[in-house]
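1. Build me a model:
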Amino acid sequence: LAAGHSRNVAAVSFSPNGRILVSGSSDSKVMIWDVDSLSLKATLKGHTDAIMHVGFGPTGQIISAGQDSTVRVWDPESGSEVMSLAGHSNWVRTAHFTPNGKFILSGGGEETIRLWSSLSPGQKMQEHWRGPLRGHRDAVYALKPAPDGSQLVSGSADSTAIIWELDHFTEVLSLKGHSNAIFSVDWSKDGTWIASGSLDKSIRLWRVKKSMTTETMLWTAVAVVVGMILGLRSGMMTINTFLKPRSLAQEGQDTTPPTEKMERHQAEGTMKQE
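-> This next block holds a predicted model:
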């Protein structure tokens, strides 16, 4: 694309239809590009420091976050700022709409994840009465809602990824295995796999299954450590952690599926039940 930013470009994202590209830079500007013509459509000004994240909401809104501790939402057609969300006390590394557009989730230099919502459609979002999600012990570098919007996964400088349940905003599962900060997380399209990338030079794939009964929620997390090169055949290690509901564990039943009885290594999952 043609030159536009005057400093490092830290974030880019395609629109849902693939026709628009948005970029964010250390020059504090967000730029909208037309992919077909490779031309600059608009420059969005409002941030006062470097941009660290850009993306799109479910209806095409542009969302950006940066070192000025704010999250901003923009109208891609007019280029006008729709809202500015101020609540973080440190830089904001990542921000996402939930798939249904009801919430914005943001994380950064603090240990918490901020949750934003509006009382009614069309109103400006405010910090949710529930308050921040607390569970990490260091900065939050990565967030990604599940495709169906029911869960959220976060990655942190504390080397853990956490799965959150968004109906009640509670921590469900802590995925442990990385030995350094997690900078990237994502869900597979069907919501059954989570990928995490870390400064420990590994990519981990976590198989997450959820089954609901009237009394228990059962999660299974299986991590495949890929190492520096995804798909490397030699040296691949498989990690399996099976979490039993208390009722089954007390009965002494082995509920591990036969196909998932693999060698256990260092990773562990921790379930928090209220």
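2. can you give me the helices in this structure?
-> 246-251 (DSSP state H).
3. Listing request: residues of it with sub-threshold pLDDT.
-> 1-3, 118-123, 129, 210-274 (pLDDT under 70).
4. swap the cut-off to 50 and go again
-> For the chain, the stretches with pLDDT under 50 are 212-274.
5. So for it, which residue is the most central one in space?
-> Leu143 (1.6 Å; Cα atoms, centre = their mean).
6. Count the residues that sit near the residue nearest to Asn90 when sequence neighbours are not counted.
-> Leaving aside its chain neighbours, Asn90 sits nearest to Gly109 (2.9 Å; criterion: Cβ to Cβ, 6 or more residues apart in numbering). C-betas here are computed from N, CA, C, even on glycine. Residues lying near Gly109 (other Cβ atoms under 10 Å) number 17.
7. what sits against the residue nearest to Phe56 when sequence neighbours are not counted?
-> Spatial nearest neighbour of Phe56, excluding adjacent residues (Cβ to Cβ, 6+ apart): Ser15 at 5.4 Å. Counting by Cβ atoms under 8 Å, 6 or more residues apart in numbering, Ser15 makes contact with 21-22, 56, 60, 76.
8. Out of the residues you listed, who's the most crowded?
-> Greatest neighbour count in the contacts of Ser15, by other Cβ under 10 Å, goes to Val22: 24 neighbours.
9. The closest residue to that one other than its chain neighbours and Arg114, how far apart?
-> Leaving aside its sequence neighbours, Val22 sits nearest to Val54 (Cβ to Cβ, 6+ apart; 4.9 Å). Counting by Cβ to Cβ, to the nearest Å, the separation of Val54 from Arg114 is 18 Å.
10. ok, Trp187 touching Pro147?
-> Yes - look at Trp187 against Pro147 with Cβ atoms under 8 Å: they come within range, at 5.9 Å.
11. More neighbours: those two, which one.
-> Trp187 (20 against 14).
12. give me the beta-bridge partners of that one?
-> Ile194 (DSSP bridges).
13. from now on call the first residue 50
-> That works, and once the first residue is 50, the last one we named lands at Trp236.
14. so what's it up against?
-> Trp236 makes contact with 193-196, 202, 242-244 under the criterion Cβ under 8 Å, 6+ apart.
15. returning to that earlier point: assess the claim that the residue nearest to the centre of the chain and Val234 are in contact.
-> Yes - assessed by Cβ under 8 Å, Leu192 is found in contact with Val234 at 7.3 Å.
16. returning to that earlier point: quick one: which two of the contacts of Ser64 are the most distant?
-> Leu70 and Gly109 (13.2 Å; Cβ to Cβ).
17. No further queries at this time; thank you.
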